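Colleague: Return atomic coordinates for the entry below.
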Amino acid sequence: MEAWLEEQFCLLETQGSSDAFFKELSKITNALGFDFCAYGLRVPYPLSAPRTEMLNNYPTIWQQTYQAKNYLTVDPTVHHGMSSQLPIVWSDQVFAQAPELMEDARAFGLEYGWAQSSRQANGTVGMLTLARSADMLTPAELERYRYQLLWLTQVAHHGLSSRITTEKIDMPDLSMRELEMLKWTADGKTAEEIATILNITARTVNFHISQAMRKLDVVNKTAATVKAALMGMI
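Modeller: Predicted coordinates:
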């Protein structure tokens, strides 16, 4: 087991882009008996409509159908993954409230599936989903691959969340001074209090906060602090 984990980890870590990493991940999951692999990443900003990025090797028409019918909002495995990090196995019972989704998935060859999520401290959630067209997932098989699946969930999130964030999410380039001001603001300090602590003027404090607000594309320092925190910058 340890030799397998080390070998697969080395293979994944040599992949540069998110697409290359995902391609190698798909090969590993295919060797475990799964035809399809998917990874979804939900970042907690903007708060009103958290952003979701997805990588998968599902049939193109199924991807288009899933998006066109907005299945992301009703997918019970996604809802489960947002509230629990325990694995979930597809079944009629799981999809009882979304039968059309399950019916459409099966029409495109996605008959049996398994999913598990991972969560970061800043609220970012990633979910690995594996599926196949034939052969039901038995308790014996799930037990046999339990550690590999758990390991793949963690490694997929570790490797893909950082790559996707770097490649597809615009991270503002805040200076160390700007980040310092936001940290003190997050602690509830006023501009005058920060100025006293750092032995600078309140005008200088407000200047740096204004610069941070501009770069973060927000209208006040509260929003700037919240966004920077959710993006893992402070």
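Colleague: got the CA coordinates for the helix or strand hosting Thr129 in CSV?
Modeller: If you go by DSSP states H and E, Thr129 is part of strand 125-132. Extracted as CSV, the C-alpha positions of strand 125-132 are listed here (Å, rounded to 0.1, in the frame of the first residue of the first chain):
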residue,chain,number,x,y,z
VAL,A,125,-14.5,23.0,-0.8
GLY,A,126,-13.3,20.4,-3.3
MET,A,127,-15.1,17.2,-4.3
LEU,A,128,-13.7,14.2,-6.1
THR,A,129,-16.3,12.1,-8.0
LEU,A,130,-15.7,8.7,-9.6
ALA,A,131,-18.2,6.9,-11.8
ARG,A,132,-18.6,4.0,-14.2
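Colleague: how about stretch 20-37: buried residues?
Modeller: Within stretch 20-37, the residues that count as buried by 16 or more other CB atoms under 10 Å are 21-22, 24-26, 28-29, 34-37. (Glycine included, C-beta is placed from N, CA and C.)
Colleague: middle-most residue in the protein, spatially?
Modeller: For the chain, Leu41 is the residue whose C-alpha lies nearest the centre (CA atoms, centre = their mean; 2.4 Å).
Colleague: For it, give its distance to Thr166.
Modeller: 12 Å (CB to CB, to the nearest Å).
Colleague: quick one, what contacts Glu111?
Modeller: Contacts were defined as CB atoms under 8 Å, 6 or more residues apart in numbering; by that measure Glu111 touches 105, 131-134.
Colleague: Can you give the contact residues for stretch 95-106?
Modeller: Counting by CB under 8 Å, 6+ apart, 62, 65-66, 69, 71, 74-76, 90, 92, 111, 131 sit against stretch 95-106.
Colleague: now it: mean pLDDT?
Modeller: Stretch 95-106 shows a mean pLDDT of 96.
Colleague: I'd like the numbering to begin with 180 instead of 1 from here.
Modeller: All right, first residue 180 from here; so that's stretch 274-285.
Colleague: That one: which residues count as buried?
Modeller: Buried, per 16+ other CB under 10 Å, within stretch 274-285: 274, 277, 280-281, 283-284.
Colleague: Including distance to Thr401 and secondary structure, could those go into JSON lines?
Modeller: Shown next, in JSON lines, are the buried residues of stretch 274-285 (distance: CB to CB, whole Å; DSSP: H, G, I helix; E, B strand; the rest coil):
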{"residue": "Phe274", "distance to Thr401": "40", "secondary structure": "coil"}
{"residue": "Ala277", "distance to Thr401": "37", "secondary structure": "coil"}
{"residue": "Leu280", "distance to Thr401": "38", "secondary structure": "helix"}
{"residue": "Met281", "distance to Thr401": "42", "secondary structure": "helix"}
{"residue": "Asp283", "distance to Thr401": "42", "secondary structure": "helix"}
{"residue": "Ala284", "distance to Thr401": "42", "secondary structure": "helix"}
